[in-house]
Every structure is written in C-alpha cells, then in structure tokens.
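> Structure for the following, please:
(one chain, ligands or ions: 1)
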Amino acid sequence: MQQVPFLDLGRQYETIKQDVHAEWDAVIAQTAFAGGPFVTRFEQQFASYCGSAFAAGVNTGTSALHLAMLALGIGPGDEVILPANTFIATAWGISYCGATPVFVDCNEYHNIDVDAARAAITSRTRAIAGVHLYGQPCDLNALRKLATDENLLLIEDAAQAHGALYHGQKVGSIGDIAAFSFYPGKNLGAYGEGGGITTDRKDWIDHIYRLRNHGADQRYYHDELGYNMRMDGLQAAVLEVKLRHLDRWNDGRRHVAGRYLNEIRNDRISLPKVLEDTVPVWHLFVIQTDQRDELMKHLGSHGVQSALHYPVPCHLQKAYAGLGYQEGGLPRSEHLATTCVSLPIFAELRDDEIDRVIDAVNSYNG
Ligand SMILES: Cc1ncc(COP(=O)(O)O)c(C=O)c1O
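Numbering: from 1, shown residues only. Below you'll find the model as predicted:
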C-alpha cells in the first residue's frame, strides 16, 4: 500500500526545479555564497511580502530569535514571557542572551494565553514572545495592549506562519520584531538551513546586520562581539523562487485543512479551532485524542503517516529543569503534549490522499 506521506518536499521541487537551478547557476557564477546580493534581494522581497520596512536573512530561525533578542537589548537579569507549547528554539533565543524564559500556558487555540502572560509579569520582565504555533496567528492585539500597558517589547515567533493574516495584516509586521525559520519543512523552506528577521526599526536591523557578520560593518573591523550567522546565497536564491509561490501553496494547505475540518467526524477526536479574524497558513494540522498512540498505530496501519508536535512542553524539558517547573503547573500545554497528533498537510497533497486520511481518522474507534 502506498503511504500517504506526512510531508513530501520532492513534489514541490518538481514544480520549481528549473527556476531554482537557473538561480543557483547565477549565484555560483557570481560566487555570491555567504551573504551578498542574492541575500539582499531576498531580504527586500521578504520585507515587502510581510509588510515590514526591513528584513535580515540569517543562517537559522534559532539565530533569528537570538539576534532579535540581542537587538532588543535583552540580557542577563531580564525575563521574557513565552508559551510553554512551542518548539524549544523560542526559549533558546532568550537563554542565549543570558535572560530567563518564563513559560506560560496556552489557550484553546494552542497559542499563548494572554491572561497567563499578564499574571507572569514581574519587575524583571522585558518582553513577551508570542508564537504563531502551527501557522495560527496568536492574539496580537491583546498582546500588543498588554505590552503597551506594561511597557514591554513584543516579539513574534513567526517560524511556522509565513503569510498568515491577523486582522488582515501579515504576521511578522505587527510586533516590534519578528523571527522566521526557513528550515526545509516550513511553509517557506530553504534547501538547507535559513532564518529571517523583520522589523520597522532601522537601528535594530542595522545592529542585526552587524551582529550576524562577526560584529563588523567593515571587513576585519569588529566593533562588538559578533557571530557568523549570515544567510547563504544559494539559500536566498531558493527562497526568492519559492516566495513567488508561497500564497498559492498556503491556499493549498488551507484546502487540505478545510477538508479535514469539514469531513473529519469522530467523537474521539478534537479538531483545531481558528481564532476570529485570522487566516492561518496551517503549517501543521494538529488534532487531539486521549489515546494518541493507538490513533497513530491505527493511522499507520491504514498507510497514513503522522507526527508529534511536541511530545514534551518546554517547561518540562531537562534542559530547563533548573528553572524549577513542576508537572501539573501548565495543564493545557501538558495536556496538548500528551494528546496531539499531526496529520499530513502540504500543498501538493492530492484529494485521494486527503480522502484516505479522513477515512482513516473517521474509522478510528479507540
Ligand atoms: C516555533 C519555532 N520557533 C523557532 C524555530 C527554529 O527555527 P530553525 O529550525 O530554523 O532554527 C522553529 C523551527 O524549527 C519553530 O518551529
């Protein structure tokens, strides 16, 4: 039996192969490998796509978060509030700066609970990092109000949400600064590692351009402690080609999600909810069920691949044991971690494959 793949990047590659290779030839001909004109061009296009004044291309989404925090001046002694149910890299960016991540619970949309964030504010809190998890925008207006009231900075982790809309506006252009990942499996993914930062603040982006380039504005003159976090020219070239197709691919994901939402009917399964006045981009389609190992086995026996995002919430990861969080402390995130199952979703998933996923989920009876 042919498997329904969780994600098949090869199908997308077939549709853009010629354009990618033509761009790569140009990068190689110009030996524009580390940073350079292709990166600058992609940055301009990505900033304009997001509706931000500036963008910086970097080597990973994790670096994007790290550099965004540094640009905001976050450092030792500071606290940054973030949801516990995110990919761990949201927290790494905070820890790398010497600040402390303060994990809070999520709401029914699997995004940061703004009341919980308010309750976690202390005199050390400098910023809130909202994550648009699974491609669903978090409640940016509520976060913005909280940040303004409390004089905090607002960071968007948009690693999973390229092109998603919040009240008609692209995510990544609403917070003070935003970080994106271009990891291959993301909605906009490179053919290797990649990350990006968007902001309207020229001083912050200039600082990021310097930090990612060994702390130098001018070669071999290092004005501050820097990093080698430049984006590769070859990755920028792929991303530029792919950006032209992103909206159509996101529409394809919405088609898959729409079918799942309309046609999955099973009392044992909870479907994801969409926050009002948002247009998600469905990086992941995460359902919940009490016996999720059984469901995954059932899907596997019907030839449907599935995955877990994420099996352990950040506050219970061993790396953060020193922060003293206990099991039971953030119940919604912990419940999500034990009940979540991600179904196949990508633009090229065929309708006959979507039928098979729906049939397999609907025939699950515990
Ligand atoms: C929510 C979130 N934040 C940050 C990252 C880190 O991005 P990267 O893997 O490109 O370092 C990812 C992706 O892996 C992510 O999903």
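
> where does the closest residue to the ligand within the stretch 201-350 of the chain fall, helix, sheet strand or coil?
Across the stretch 201-350 of the chain, the shortest distance to the ligand (C-beta to the nearest ligand atom) belongs to residue 283, at 7.8 Å. In short, each C-beta sits where N, CA and C put it, glycine included. For residue 283, the secondary structure call by DSSP: H, G, I helix; E, B strand; the rest coil comes out as coil.

> what's it in contact with, if anything?
The neighbourhood of residue 283, defined by C-beta atoms under 8 Å, 6 or more residues apart in numbering, consists of 134-135, 160-161, 186-187, 253, 345.

> Kindly report the same for residue 308.
Here residue 308 is in contact with 292, 340-342 (C-beta under 8 Å, 6+ apart).

> Next: residue 144.
154, 174-175.

> Strands of the stretch 251-366 of the chain, residue ranges please.
Along the stretch 251-366 of the chain, counting by DSSP state E, counting those that start in this stretch, strands occupy 278-279, 285-288, 340-343.

> And for the second one, what's in contact with it?
Around strand 285-288, the neighbours that count as contacts under C-beta under 8 Å, 6+ apart are 110, 134, 256-257, 260, 264, 269-272, 309, 336, 339-343, 345, 361.

> What of the shortest one?
The list of residues contacting strand 278-279 from outside it, by C-beta under 8 Å, 6+ apart, reads 136-137, 164-167, 254.

> any idea where the helices of this protein begin and end?
Using DSSP state H, the helices of the chain run over 9-29, 37-50, 61-71, 89-96, 114-119, 140-150, 202-211, 233-243, 246-263, 292-301, 331-339, 351-362.

> Comparing those helices, which comes out most buried?
Using mean count of other C-beta atoms under 10 Å, the stretch among these with the largest mean neighbour count is helix 61-71, at a mean of 27.

> elements contacting that one?
Judged by 3 or more C-beta pairs under 8 Å, 6 or more residues apart in numbering; DSSP states H and E, the packing partners of helix 61-71 are strand 54-58, helix 89-96, strand 153-157, strand 177-181, strand 195-199, helix 202-211.

> Identify the bridge partners of residue 279.
residue 165 (DSSP bridges).

> got the CA coordinates for the strand ranked longest in the chain in PDB?
Longest strand of the chain, by residue count under DSSP state E: strand 125-131. The C-alpha trace of strand 125-131 is given here as PDB (Å, rounded to 0.1, in the frame of the first residue of the first chain):
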ATOM      1  CA  THR A 125      10.000  41.300  32.500                       C
ATOM      2  CA  ARG A 126      11.300  43.000  29.400                       C
ATOM      3  CA  ALA A 127       9.400  41.300  26.600                       C
ATOM      4  CA  ILE A 128       6.700  38.800  25.500                       C
ATOM      5  CA  ALA A 129       7.400  36.400  22.700                       C
ATOM      6  CA  GLY A 130       4.100  35.300  21.000                       C
ATOM      7  CA  VAL A 131       4.400  32.200  18.800                       C
END
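
> What pairs with that strand, parallel or antiparallel?
Applying DSSP bridges, one finds strand 125-131 paired with strand 79-83 (parallel), strand 153-157 (parallel).

> and the last one with the ligand, contact?
Spelled out, it's strand 153-157. Yes - on the criterion C-beta under 6 Å from any ligand atom, strand 153-157 is in touch with the ligand at residue 157.

> which residues make contact with that strand from outside it?
65, 68-69, 72, 74, 80, 82, 86, 90, 126-132, 140, 143-144, 147, 171-172, 174-179.
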